[in-house]
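Asks: any chance you could fold what I've pasted below:
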Amino acid sequence: MLIKNSNLINFPILSVQDSGRIATVANSIIDPDNLKIIAFRAVGAVGEDGGNILDAKSIREYSPLGFVIDSRDEFIKDDDVVKIAKVLELGFDLIGLKVVTKKGTNLGKIIDYTVTNDNFSVQQIIVKRPTLKSFLDPELTIPRSEIVEVTDDRIIVKDEEKKIKERALKEDFVPNFVNPFRKTEPAHSSIESDDDSSTNSFES
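Replies: Just a heads-up that it's a prediction; the model follows:
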């Protein structure tokens, strides 16, 4: 199942121990190495030590009612998990990034993206078109398979917009997504890795 990131903002966080809602999602924390949400910052209830980060691994279940976790003890501080701390230091966010083709054509800027509900891996980016192109075609949805590189300020995709639209219509998204970007995953791309990189190549 695909979920828009915008629909996860203000999404309820439910505690089994408290038998109800204890917090809401403030924003997503996304790892640029593999384009996957690894944690969420929450507002409302926090951990005993004041932490308000919810590691995505602590989510027991996604439901239309909210994220289900065991208890408020699942909330951690920014620096409790090395990988999350390193991603937070990068300040990376897909929203607002410029999207260009390998030939340098400007396709617009990212205004939203979709993720799977099981592992929060990005499957599509939704791009707001430049002013001159937005009258007839205000948004462009680009499948994950088109992405070849991620940098601090832009996403680079394979083809021109016509081909992207054609492939987006044919693409069959499934929750059990297999990363097509690399034939061999570098060590730094793992969630558990302590390394980070400001430029990531996604081309297979």
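
Asks: domain parsing for this protein?
Replies: 2-90, 98-173 (automatic domain parsing).

Asks: need these in a markdown table (columns: mean pLDDT and mean neighbour count).
Replies: Using the backbone N, CA and C atoms, a C-beta is placed for each residue, glycine as well. Conversion of those to a markdown table gives the following (pLDDT from 0 to 100; neighbours: other Cβ atoms under 10 Å):
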| stretch | mean pLDDT | mean neighbour count |
| --- | --- | --- |
| domain 2-90 | 93 | 17 |
| domain 98-173 | 83 | 16 |
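
Asks: restricting to C-alpha, output stretch 69-76 in CSV.
Replies: The C-alpha coordinates for stretch 69-76 follow below in CSV (Å, rounded to 0.1, in the frame of the first residue of the first chain):
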residue,chain,number,x,y,z
ILE,A,69,3.6,1.3,19.2
ASP,A,70,4.1,-0.5,22.5
SER,A,71,4.4,2.5,24.8
ARG,A,72,5.8,6.0,25.1
ASP,A,73,9.1,4.4,26.1
GLU,A,74,9.7,3.9,22.4
PHE,A,75,10.4,7.7,22.0
ILE,A,76,14.2,8.4,21.9
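
Asks: need the contact partners of that stretch.
Replies: 13-18, 22-23, 42, 45-48, 51-55, 58-60, 84 (Cβ atoms under 8 Å, 6 or more residues apart in numbering).

Asks: among these, which are located in strands?
Replies: Among the contacts of stretch 69-76, the members falling in strands (DSSP state E) are 13-15, 22-23, 42, 53-55.

Asks: tell me which two in those are the farthest apart.
Replies: Across these, the longest distance by Cβ to Cβ is 17.1 Å; it joins Leu14 and Ile53.

Asks: this structure: helices as residue ranges?
Replies: Here the chain has its helices, by DSSP state H, at 5-8, 82-90, 131-134, 161-170.

Asks: packing partners of the second one?
Replies: This means helix 82-90. strand 20-31, strand 36-44 (3 or more Cβ pairs under 8 Å, 6 or more residues apart in numbering; DSSP states H and E).

Asks: distance to Ser145 for those - can I get that in JSON lines?
Replies: Putting the helices and strands packed on helix 82-90 into JSON lines (distance: least, Cβ to Cβ, whole Å) gives the following:
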{"stretch": "strand 20-31", "distance to Ser145": "18"}
{"stretch": "strand 36-44", "distance to Ser145": "15"}
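
Asks: which one of those lies nearest to Asp118?
Replies: Across those, closest to Asp118 is strand 36-44 (Cβ to Cβ), at 11.3 Å.

Asks: for that closest one, name the packing helices and strands.
Replies: Strand 36-44 packs on strand 12-15, strand 20-31, strand 53-55, helix 82-90, going by 3+ Cβ pairs under 8 Å, 6+ apart.

Asks: between the ones you listed, which one is closest to Lys128.
Replies: Of all those, it is strand 20-31 that lies closest to Lys128, at 18.5 Å by Cβ to Cβ.
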